[in-house]
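Enquirer: sequence plus the predicted model coming up.
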Amino acid sequence: MSPTGPDGAPGLTGHLHPTGVVLLVEDDQLVANALRLLLVRAGYEVRITTDVHEALPAFESQPFDVVVTDLLMPGGTGLDLLKEIEQRDPEVPVVIVTADHSVQAAAEAVREHAFDYLTKPVKRERLLDTVARAVEARRTKQLRQHEQQRLREEHRQLSIRHQRTAMLLSVLYNRAAEGIIVADPEGRVVDVSESFVNLVGKPLYALLDTDLRQWFEPHPTGGDVQDRVIEMADGDEAEAHWRGEVTVRSGQRQIPARMSLSLCESPEDEDHGPTRYVIGLVYFEQSHEELSQRLQQADRLATVGLLAGSAAHEIKNELGPLVGYLSMLESADPTESGMIGIMRESVRRIREHVEEILEPLRPRVRTRGAVVVRESVEEILKLLRRAGRLRRMKVSLSAPEGEDVVVHADKDEVHQIAINLIVNAIDALGDGGGGDRGSVEIEIDREGDFGMLRVRDDGSGIPEDLRGKVFEPFFTTKGSAGTGLGLPVVHDIVRSLRGRVVLDCPAQGGTIVTVHLPRYRG
């Protein structure tokens, strides 16, 4: 019988004899005693049995390292015993000792998997060497079995742990509020979480193996997400992380979000080397529509000061003749209709100017249709000129001859985009130190399916480390003079119109902001 250790490893216990335990099967008592004495003096523990029937119960009663048996015995041969032992524990070596010098007997012993075959009389050194080798082979197998069993148990425990971890990660992966996306080095989608599936409103199979740019709009300063993923996969560890603003395409909607990208590397296997992946976490605001309306309303409030200055100047000019005519009315003929008419016209103009002040505060109902970009820009320039904002600077407006550039939008949306870009360009020129402040170039054109509005100034530009922040709400480079809402609102409106906006700061100075809006198709 082969014992097992506490962890189930066969044939290994905590009480191994230091040299070995030998089961000696010999029907000749004198030979048995002589062999036993030889083995005991060599440090072995020896148990003697006289035949097969006595040996088998002894073998099952305790662990043995080796069995040394005579070949020919009453009641059964050593080969019979070898077969029985092999059925019980095939790892226990059996040494056959016999006076039969025939080749046939030796061959049969080898065929039955005997460890060795010794002929009588056995030399002492030969017997001790054979037993020592048998014990060493037995214990080497025991240790190997024990190690294999330990590794199997460790593998089983690790497999259970990995299954639990994989199940937990799967739950976290698919239930996380953030969208999770895995991309290969070419910027194609390998896997996405359920939250990202819900965000874009497409089934999982429609997302797999697609380009990232199919689901993300290019950012004005962050650029194209797919290009950035490819750069990260080709780069070094110093470029293994990135965070920035993105716009997620969700059907007809464009959802602003923040995204963090991290470069990961899978372990090397037999068939492939390590593979690089880029993991993206997409943080998006569920209540974006409400937040967008608040930002745009706040931006409209910020323009009240500009419009109020222009309107107040006109009101002051109209009040002069109104007061004069009222004085004349007191001393003249009340039936004079001409004076009454002039007074009525002045009052009408005052009402119009007041309406201009109140207009930005009123709720907006968007009615998107045909909007002529040039008309909106000219109206804004007229307002700014009346408010004295265009003094000591050159402002140019260029538009294509003939057919106007008409975009599909709401007139108020185009007005809000244009006034923010133009006022930002004016503010970028500073005060000019009392002299000429510089120039602002406004360009309107058609580019394919889009109408283009480009505003360029020759101011000092925007530092490179700040360009990625100018589209964040409430970030401003104007100090207390700015609200930090202009460009974020422009970006938000352009996204909602399925257009795009790009900011550029040329090496020669200044800032260029280009807006593309879908052209009106009637």
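Expert: Happy to help now that I have it. Residues are numbered from 1 along each chain as shown.

Enquirer: can you list the residues that contact stretch 33-51?
Expert: Contact partners of stretch 33-51, identified using CB atoms under 8 Å, 6 or more residues apart in numbering, comprise 17-27, 29, 32, 55, 58, 62, 64, 68, 73-76, 122, 124, 127-128, 131, 135. Bear in mind the C-beta positions are built from the backbone N, C-alpha and C, glycine included.

Enquirer: what is the rounded mean pLDDT of stretch 459-471?
Expert: Mean per-residue pLDDT for stretch 459-471: 83.

Enquirer: what do you get for stretch 405-423?
Expert: pLDDT averaged over stretch 405-423 gives 90.

Enquirer: same question for stretch 491-502.
Expert: 86.

Enquirer: now do the buried residues in it.
Expert: Neighbour counts over stretch 491-502 (16 or more other CB atoms under 10 Å) mark His491, Asp492, Ile493, Val494, Arg495, Ser496, Leu497, Arg498, Gly499, Arg500, Val501 as buried.

Enquirer: mind listing residues that contact that stretch?
Expert: So stretch 491-502 is in contact with 217-218, 220, 247, 252, 254, 256, 292, 295-296, 368, 407-409, 413, 416-417, 450, 471, 490, 513-518, going by CB under 8 Å, 6+ apart.

Enquirer: which helix in this protein runs the most residues?
Expert: helix 124-175 (DSSP state H).

Enquirer: contacts for the helix or strand following it?
Expert: Moving toward the C-terminus from helix 124-175, the next helix or strand (DSSP states H and E) is strand 179-183. Strand 179-183 has contacts (CB under 8 Å, 6+ apart) with 173, 189-193, 195-196, 199, 212, 226, 229, 248, 257, 277-282, 284.

Enquirer: in ChimeraX, how would I select the buried members of these?
Expert: Per 16+ other CB under 10 Å, the buried members of the contacts of strand 179-183 correspond to this ChimeraX selection:
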select :173,189,192,193,195,196,199,212,226,229,248,257,277,278,280,281,282,284
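
Enquirer: pLDDT of stretch 508-520, averaged?
Expert: The model assigns stretch 508-520 a mean pLDDT of 92.

Enquirer: alpha carbons of it, as CSV, please.
Expert: What follows is stretch 508-520, C-alpha atoms only, in CSV (Å, rounded to 0.1, in the frame of the first residue of the first chain):
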residue,chain,number,x,y,z
GLN,A,508,4.7,83.7,-36.5
GLY,A,509,2.2,84.7,-33.8
GLY,A,510,-1.5,85.3,-33.4
THR,A,511,-4.5,82.9,-33.1
ILE,A,512,-6.7,81.4,-35.7
VAL,A,513,-10.1,79.8,-34.9
THR,A,514,-11.9,78.0,-37.7
VAL,A,515,-15.5,76.8,-37.5
HIS,A,516,-17.2,74.5,-40.0
LEU,A,517,-21.0,74.3,-40.0
PRO,A,518,-23.1,72.1,-42.3
ARG,A,519,-24.3,74.0,-45.3
TYR,A,520,-28.1,74.5,-45.8
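
Enquirer: in it, which residues are buried?
Expert: Neighbour counts over stretch 508-520 (16+ other CB under 10 Å) mark Gly510, Thr511, Ile512, Val513, Thr514, Val515, His516, Leu517, Arg519, Tyr520 as buried.

Enquirer: the contacts of stretch 33-51 in helices, which ones?
Expert: Short answer: the contacts of stretch 33-51 in helices (DSSP H) are Gln29, Ala32, Ala55, Ala58, Arg124, Leu127, Leu128, Val131, Val135.

Enquirer: in JSON lines, list the residues you listed along with distance to Glu403, neighbour count and pLDDT.
Expert: Shown next, in JSON lines, are the ones in helices among the contacts of stretch 33-51 (distance: CB to CB, whole Å; neighbours: other CB atoms under 10 Å; pLDDT from 0 to 100):
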{"residue": "Gln29", "distance to Glu403": "125", "neighbour count": "10", "pLDDT": "91"}
{"residue": "Ala32", "distance to Glu403": "120", "neighbour count": "19", "pLDDT": "90"}
{"residue": "Ala55", "distance to Glu403": "111", "neighbour count": "25", "pLDDT": "92"}
{"residue": "Ala58", "distance to Glu403": "111", "neighbour count": "16", "pLDDT": "93"}
{"residue": "Arg124", "distance to Glu403": "117", "neighbour count": "13", "pLDDT": "90"}
{"residue": "Leu127", "distance to Glu403": "113", "neighbour count": "19", "pLDDT": "91"}
{"residue": "Leu128", "distance to Glu403": "111", "neighbour count": "16", "pLDDT": "93"}
{"residue": "Val131", "distance to Glu403": "108", "neighbour count": "28", "pLDDT": "93"}
{"residue": "Val135", "distance to Glu403": "103", "neighbour count": "20", "pLDDT": "92"}
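
Enquirer: assumed Ile462 was part of a strand.
Expert: No: checked against DSSP: H, G, I helix; E, B strand; the rest coil, Ile462 lies outside a strand; its state is coil.

Enquirer: apart from its chain neighbours, what residue comes closest to it?
Expert: Computed as CB to CB, 6 or more residues apart in numbering, the closest residue to Ile462 that is not its neighbour in sequence is Cys505, at 5.3 Å.

Enquirer: contacting residues around that neighbour?
Expert: Gly461, Ile462, Glu464, Arg467, Thr511, Ile512.

Enquirer: do you know how far the fifth one is from Val470?
Expert: Counting by CB to CB, to the nearest Å, the separation of Thr511 from Val470 is 9 Å.

Enquirer: what is in contact with the two at once?
Expert: Counting by CB under 8 Å, 6+ apart, the residues touching both Thr511 and Val470 are Ile462, Leu503.

Enquirer: okay, now Thr221: neighbour count?
Expert: Around Thr221 there are 20 other residues, counting by other CB atoms under 10 Å.

Enquirer: swap that for Met259, sorry
Expert: Neighbours around Met259, by other CB under 10 Å: 24.

Enquirer: what helices or strands is the helix or strand hosting it leaning on?
Expert: In this assignment (DSSP H and E), Met259 forms part of strand 253-265. Here strand 253-265 touches helix 225-234, strand 241-250, strand 276-284, helix 486-496, going by 3 or more CB pairs under 8 Å, 6 or more residues apart in numbering; DSSP states H and E.

Enquirer: show residues contacting that strand.
Expert: Counting by CB under 8 Å, 6+ apart, 179, 199, 217, 225, 228-229, 232-233, 235, 237, 239-248, 274-285, 288, 491-492, 495-496, 498 sit against strand 253-265.

Enquirer: pull out the buried positions in it.
Expert: For strand 253-265, by 16+ other CB under 10 Å, it's Arg253, Gln254, Ile255, Pro256, Ala257, Met259, Leu261, Leu263.
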